[in-house]
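Asker: test case, fold it:
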Amino acid sequence: MPRQNEATFLRGVLRNNEAAAQFCEMLFRISQTLDDLIDKDKPVTDAVLIRTFWEALIELPANAFYRQHEPYLRPLMASALQDWRDSACLERSGSYHYKILAFVLRDQLTGLVTQCAYLIGGYEWMGQVSLSIRDHFHEDSLHDYLTGVERNDNLTTEERSA
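Answerer: Next up is the predicted model:
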């Protein structure tokens, strides 16, 4: 869930590179829609689904930051998507260990933001902002995450869709 100051925060750690911030924001929206569809914890309207496909297929590939750094970014995006997929599978297991692994893997887009900071400002800049990026985006504690997974495990399909 985006924080109120997310846009301002992104622009700060990305040195006001508007294309980079928009790239990250699009990725967040696309990934949130995918998460809502898979988890079935929030309804996704047709309008949101169409807008998400538009962003994924039209706007993101046209983004100037993405176009400039596509050979570097695309493998990171692929890795983040696979990690998220594995996380969704692992959190549905009965294994406590797998649920902890799911918590670690579920939000690898944070690492992608860190790499965007690197592309904009180099190694030193990345080192200055990487911990604040992780702190900003990883606001959920392991305990809160596990409590939410357990609560969701106990819901029926109808309750998840409500």
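
Asker: look at residue 44 and give its secondary structure.
Answerer: coil (DSSP: H, G, I helix; E, B strand; the rest coil).

Asker: so what's it up against?
Answerer: Residue 44 makes contact with 33, 36-37, according to C-beta atoms under 8 Å, 6 or more residues apart in numbering. C-beta coordinates here come from the backbone N, C-alpha and C atoms, glycine included.

Asker: got the phi and psi for it?
Answerer: Main-chain dihedrals, residue 44, degrees, to the nearest 10: phi -110, psi 120.

Asker: chain neighbours aside, what residue packs nearest to it?
Answerer: residue 36 (5.1 Å; C-beta to C-beta, 6 or more residues apart in numbering).

Asker: burial count for the one you found?
Answerer: As a burial measure, residue 36 scores 16 neighbours (other C-beta atoms under 10 Å).

Asker: in what helix or strand does it lie?
Answerer: Residue 36 belongs to helix 18-39 when assigned by DSSP states H and E.

Asker: dead centre of this structure: give me the residue that sits there.
Answerer: For the chain, residue 109 is the residue whose C-alpha lies nearest the centre (C-alpha atoms, centre = their mean; 4.4 Å).

Asker: tell me the contacts of that residue?
Answerer: 24, 27-28, 31, 80, 137.

Asker: with residue 110 instead?
Answerer: By C-beta under 8 Å, 6+ apart, the neighbours of residue 110 are 133-134, 137-138.

Asker: same thing but at 6 Å, please
Answerer: If a contact means C-beta atoms under 6 Å, 6 or more residues apart in numbering, then residue 110 has 134, 137 as its contacts.

Asker: now the one helix or strand it maps to: buried residues?
Answerer: In this assignment (DSSP H and E), residue 110 forms part of helix 109-137. Within helix 109-137, the residues scored as buried using 16 or more other C-beta atoms under 10 Å are 109-121, 125-126, 129-130, 133, 136-137.

Asker: from the contacts of residue 44, pick the one nearest residue 71.
Answerer: residue 33 (25.9 Å; C-beta to C-beta).

Asker: how close does the closest one get to residue 124?
Answerer: 35 Å (C-beta to C-beta, to the nearest Å).

Asker: what residue ranges in this protein score low on pLDDT?
Answerer: By pLDDT under 70, the low-scoring segments of the chain are 1-4, 153-162.

Asker: go again using 90 as the cut-off
Answerer: 1-5, 39-41, 92-95, 104, 106-108, 137-142, 144-162 (pLDDT under 90).

Asker: list the buried residues of stretch 77-92.
Answerer: Neighbour-count burial for stretch 77-92, with 16+ other C-beta under 10 Å as criterion, is recorded at 77, 80-81, 83-84, 87-88, 90-91.
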